[in-house]
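Colleague: return atomic coordinates for the entry below.
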Amino acid sequence: MMRQLIRITDPDDPAIVEFTNIRERDLTRSGGRFIAEGTVVLRMLAAAHHAGTRFKAHKILLLENRVDGLDDILSAFPPDVPVYVASGDVLDRIAGFHLHRGVLALGERLEPPPLNEVLNGLPQRALVVVCQGLANHDNAGSIFRNAAAFGVSHIILDETSCDPLYRKAIRVSVGSVLTVPYARGGNIEALLQTLKDNGFAFWGLSPAGKTSIRALPNSERTALILGTEGEGLPPHLLASIKTARIPQMPGLDSLNVATAAGIALYETAHAMGLLPDL
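Modeller: Numbering: from 1, shown residues only. Predicted coordinates for the structure are as follows:
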């Protein structure tokens, strides 16, 4: 049976208030709610909602001419998730800018279990990413996408890192923020202690790292630590942990953090046997 669609003709309709001026709401939202944008991300939100462990969907808003072809995705949501449709003009007035994708959903992240419990429950062979001071949402999204590609079990963002549920981060990640488990909060020293308590060997990634990324000792549980854009990990932290580098040609200071993450994760995941043989 086809899902009933609810037509919106007034951009100030209270039923879709969460979608109004979404750029501004990105900066002020709270409570774990977020806006998912685009067909690919909507499909991943449907899968996450169905799994019922980390995310749920509250409502969907579509451009009227995008409805055709989305039946398979919409049918994956429970019947109690309302689907609203609007014309292009009304949708643009709701969002506050021209929304050419025409696909929005309001989601919510469910309360995650304690980090120690999560790490203890990971497979014996696990690769984890730790982000310290990561501030750029594009880089956050790219790191999640890389993590999904290379079999990362969990991402940890410290209290100074940005929220990966920011709309742009989700979009850049191509929905991987909804598929790769993560935790956010706490200071980096406490987070590293928790990793140590759960049997992880951890390496700070830096252009000045002492060990080549291809020469890391074998460890069934490995965590790679990434620093903020430009400055990288703080000197006092690098001085207190083991460090790794990506060898590169002279003359360039460093790689973009998301690019470095992709290279390091590939090398580490390959060495750990996490990648399929093709």
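Colleague: so who does His154 touch?
Modeller: Val118, Leu119, Leu122, Ala126, Val128, Val129, Val180, Pro181, Tyr182, Ala183 (C-beta atoms under 8 Å, 6 or more residues apart in numbering). In short, each C-beta sits where N, CA and C put it, glycine included.
Colleague: so which of these wins on neighbours?
Modeller: The most neighbours of any of the contacts of His154, using other C-beta atoms under 10 Å, belong to Val129, which has 26 neighbours.
Colleague: where does the stretch 151-278 of the chain have low pLDDT?
Modeller: 278 (pLDDT under 70).
Colleague: let's go with 50 and repeat that
Modeller: Applying pLDDT under 50 to the stretch 151-278 of the chain flags no residue at all.
Colleague: which residue ranges form the helices in it?
Modeller: 167-172, 188-197, 235-238, 257-272 (DSSP state H, counting those that start in this stretch).
Colleague: who touches the third one?
Modeller: Residues lying outside helix 235-238 but in contact with it, judged by C-beta under 8 Å, 6+ apart, are Gln132, Ile188, Glu189, Gly204, Ser206, Ala208, Ile225.
Colleague: just the buried residues of the residues you listed.
Modeller: Buried positions within the contacts of helix 235-238, assessed by neighbour count (16 or more other C-beta atoms under 10 Å), are Gln132, Ile188, Gly204, Ser206, Ile225.
Colleague: so which of the helices of the stretch 151-278 of the chain is the most surrounded?
Modeller: Among those, ranked by average contacts under mean count of other C-beta atoms under 10 Å, first place goes to helix 167-172 (a mean of 22).
Colleague: so what does that one touch, helix or strand wise?
Modeller: helix 22-28, strand 33-37, helix 137-149 (3 or more C-beta pairs under 8 Å, 6 or more residues apart in numbering; DSSP states H and E).
Colleague: mean pLDDT added to the ones you listed, as CSV?
Modeller: Below are these laid out as CSV (pLDDT from 0 to 100):
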stretch, mean pLDDT
helix 22-28, 70
strand 33-37, 92
helix 137-149, 97
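Colleague: pick the one among the contacts of His154 closest to Leu62.
Modeller: Comparing the contacts of His154 against Leu62 with C-beta to C-beta places Val180 closest, at 26.3 Å.
Colleague: now the strands for the stretch 51-200 of the chain?
Modeller: 55-63, 83-86, 103-109, 126-131, 154-157, 182-184 (DSSP state E, counting those that start in this stretch).
Colleague: for Thr268, find the nearest of those.
Modeller: strand 126-131 (6.1 Å).
Colleague: mind giving me the packing neighbours of that closest one?
Modeller: Partner elements for strand 126-131 (3+ C-beta pairs under 8 Å, 6+ apart): helix 137-149, strand 154-157, helix 188-197, strand 221-226, helix 257-272.
Colleague: and the ones you listed: which comes nearest Ile170?
Modeller: Taking C-beta to C-beta, helix 137-149 is the member of those nearest to Ile170, at 6.7 Å.
Colleague: and that closest one, what other elements does it pack with?
Modeller: strand 126-131, strand 154-157, helix 167-172, helix 257-272.
Colleague: mind exporting the second one as CSV, just the C-alpha atoms?
Modeller: Yep, that's strand 154-157 we're talking about. C-alpha atoms of strand 154-157 as CSV (Å, rounded to 0.1, in the frame of the first residue of the first chain):
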residue,chain,number,x,y,z
HIS,A,154,34.6,2.9,16.0
ILE,A,155,35.4,6.7,15.8
ILE,A,156,36.1,8.7,19.0
LEU,A,157,35.9,12.5,18.9
